[in-house]
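1. Next comes the sequence, and after it the predicted model I'd like to discuss.
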Amino acid sequence: MVLRSVKDRLRKFNIAIAETDHHNLWQRARLDVVAISTDTKTVGQALAAAENEIERVHPGLVCRSQVEFLT
């Protein structure tokens with residue numbers, strides 16, 4: 001229920017979201033969030049806004065985050 005809420009809430013940021021790991025583990029999940037743009041600043045802002053939204057709605061839910069740019 002929490003994952004669905006998070007994924008639905010993040011759709012407004014024009015990013016792609018996928019649950020990629022820990023499918024069969026209770027109370028644990030991994031979400032990968034992807035944004036595509038010609039400008040790394042725009043992508044960074046979109047990903048930061050998505051993470052901030054998760055923290056705003058579900059404080060303490062994010063244990064670790066990592067941003068990687070492919071050029």
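-> Received, thanks.

2. ranges for the helices of the chain?
-> For the chain, the helices defined by DSSP state H cover 2-10, 40-57.

3. now those as TSV including mean pLDDT and distance to residue 63?
-> Bear in mind the C-beta positions are built from the backbone N, C-alpha and C, glycine included. Output for the helices of the chain, formatted as TSV (pLDDT from 0 to 100; distance: least, Cβ to Cβ, whole Å):
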stretch	mean pLDDT	distance to residue 63
helix 2-10	86	14
helix 40-57	92	11
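
4. want to throw those helices into a markdown table with distance to residue 20 and mean neighbour count?
-> Listed next are those as a markdown table, based on distance: least, Cβ to Cβ, whole Å; neighbours: other Cβ atoms under 10 Å:
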| stretch | distance to residue 20 | mean neighbour count |
| --- | --- | --- |
| helix 2-10 | 12 | 14 |
| helix 40-57 | 15 | 14 |
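
5. Which positions are bridged to the one residue sitting closest to the centre of the chain in the beta structure?
-> Taking Cα atoms, centre = their mean, the centroid of the chain lies closest to residue 33, which sits 4.3 Å from it. Judged by DSSP bridges, the bridge partners of residue 33 are residue 17.
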